[in-house]
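S.K.: Sequence first, predicted model second:
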Amino acid sequence: MIYEEITANKRKTVVLLIAFIAVILVLGYIFGKTAGFGLFGMLFAASISLIMAWGSYYYSDKIVLSMSHAVLADPKDHLYLINTVEGLCLAGGLPKPQVYVIYDEAPNAFAAGRDPGHSAVVFTSGLIEKLNRQELEGVIAHELSHIRNYDILISTISVVLVGTVTLLSDWMLRNVKWSRLGGKGRGEGGYFGAALLIVSALLAVLSPLIAQLMHFAVSRRREYQADSSAALLTRYPPGLAAALEKIAKDKESLEVANKATAHLFIVNPFKNIKGGAGKLFDTHPPIEERIRILRAM
């Protein structure tokens, strides 16, 4: 069951990332046609994505840690947390990440970085205080699984791709009315140009929404996989299941969280996601489904 979940989630994540890249290339091509750049538009879109990905690859963890007001865990105050992280790293064959704490009563956690050798795990003081040993081990294993599975890199890439799609869409909207393909009649551009402009306008409006939904889908798949990997690491799925249940029932909202960082946390830090539309735009899979799968393992 655990290995099947991991394999399925890896496959679905690859498919979603390929779809992401396809959307960007299509947008780049359409942008090039409407702006008169031809195939250069595709190369331009790909270049922008690579530049943004490079910056995020090297600096995203520092930015997120700063935004979240995370501080290095003090061995005098959090020795058990640090030792538990080290023990699970030894069990999983991982290098020890830096351990950070956010002083906030809301129980939550996330991982950041670009690879297992340059990573950090972050836990709120509320999480440390409210979970028992087995529950805390489950959460730590979940975050270490994100590092081992390179979810921290995939999350960064998906955010960059969303940003690229949004940027291209904005440029497309700005260029539609100036496009030389928008002429009347059957001359150069003609009806084909007019049709292309309509398609461009629709893509420019809809693409950011589609890209955001794809990003959410990537995030949700990675959460399922991290749950399965954590259960494999601790050999005790009920520990993580109980932790998720406890975190979900907690009424505290994480004050330092924002829309840019919400997808990183083990449970959505916002407590007001309600209804079908809210769940559609949620960065996390339903907590009840995650708990059900863990308890079935």
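M.R.: Nice, I can see it. What you see is a predicted model; the values in this text were computed from it and never measured.
S.K.: Buried residues, the helix or strand harbouring E245. List them.
M.R.: Here E245, judged by DSSP states H and E, is contained in helix 237-249. For helix 237-249, a neighbour-count test (16 or more other CB atoms under 10 Å) marks 237-248 as buried. Placement of C-beta: from N, CA and C, glycine included.
S.K.: Format those residues as TSV; extra columns: distance to L94 and pLDDT.
M.R.: Shown next, in TSV, are those (distance: CB to CB, whole Å; pLDDT from 0 to 100):
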residue	distance to L94	pLDDT
P237	20	95
P238	23	96
G239	19	96
L240	17	97
A241	23	97
A242	24	97
A243	20	97
L244	22	96
E245	26	95
K246	25	95
I247	23	94
A248	27	90
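S.K.: Any chance of the residues you listed in CSV with distance to P285 as columns?
M.R.: Supplementary listing: the buried residues of helix 237-249 in CSV, determined by distance: CB to CB, whole Å:
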residue, distance to P285
P237, 16
P238, 19
G239, 19
L240, 14
A241, 14
A242, 18
A243, 16
L244, 11
E245, 14
K246, 18
I247, 14
A248, 12
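S.K.: per-residue pLDDT, I291?
M.R.: Confidence at I291, expressed as pLDDT, is 95.
S.K.: With adjacent residues omitted, what lies nearest to it?
M.R.: A241 (4.9 Å; CB to CB, 6 or more residues apart in numbering).
S.K.: The helix holding E245 packs against which elements?
M.R.: The contact analysis (3 or more CB pairs under 8 Å, 6 or more residues apart in numbering; DSSP states H and E) places helix 237-249 against helix 133-148, helix 190-234, helix 287-296.
S.K.: Please list the outside residues in contact with the last one.
M.R.: The set of residues external to helix 287-296 that reach it, using CB atoms under 8 Å, 6 or more residues apart in numbering, is 1, 5, 223-224, 227-228, 231, 237-238, 240-241, 244-245, 248, 267.
S.K.: avg pLDDT for the helix or strand where I21 lies?
M.R.: Element membership for I21 (DSSP H and E) is helix 2-35. Here helix 2-35 scores 69 as its mean pLDDT.
S.K.: just checking, next helix/strand downstream of that helix?
M.R.: For helix 2-35, the succeeding helix or strand toward the C-terminus, using DSSP H and E, is helix 40-67.
S.K.: shaky segments in the stretch 151-297 of the chain?
M.R.: Filtered on pLDDT under 70, the stretch 151-297 of the chain yields the residue ranges 156-161, 172-204, 207-208, 211, 214-215, 217-218, 260, 271-281.
S.K.: make that the stretch 1-150 of the chain, sorry
M.R.: 1-10, 12-13, 16-17, 34-38, 41, 49, 53, 56.
S.K.: Swap in 80 and give it another go.
M.R.: For the stretch 1-150 of the chain, the stretches flagged by pLDDT under 80 are 1-46, 48-60.
S.K.: Please parse the chain into its domains.
M.R.: 2-58+152-209, 65-150+219-296 (automatic domain parsing).
S.K.: How far away from the center of its chain is stretch 243-254?
M.R.: Here stretch 243-254 is found 20 Å from its chain centre; the criterion is CA atoms, centre = their mean, to the nearest Å.
S.K.: what does it rub up against?
M.R.: By CB under 8 Å, 6+ apart, the list of residues contacting stretch 243-254 reads 102, 104-108, 124, 126-127, 130-131, 135-136, 138-139, 265-267, 269-271, 287, 290-291, 294.
S.K.: Kindly export stretch 289-297 (C-alpha atoms) in PDB.
M.R.: Provided in PDB are the C-alpha atoms of stretch 289-297 (Å, rounded to 0.1, in the frame of the first residue of the first chain):
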ATOM      1  CA  GLU A 289      -8.700  11.600   3.300                       C
ATOM      2  CA  ARG A 290      -5.000  11.800   4.400                       C
ATOM      3  CA  ILE A 291      -6.000  10.400   7.800                       C
ATOM      4  CA  ARG A 292      -8.100   7.600   6.300                       C
ATOM      5  CA  ILE A 293      -5.200   6.500   4.000                       C
ATOM      6  CA  LEU A 294      -2.700   6.500   6.900                       C
ATOM      7  CA  ARG A 295      -5.000   4.400   9.100                       C
ATOM      8  CA  ALA A 296      -5.600   1.900   6.300                       C
ATOM      9  CA  MET A 297      -1.800   1.200   6.000                       C
END
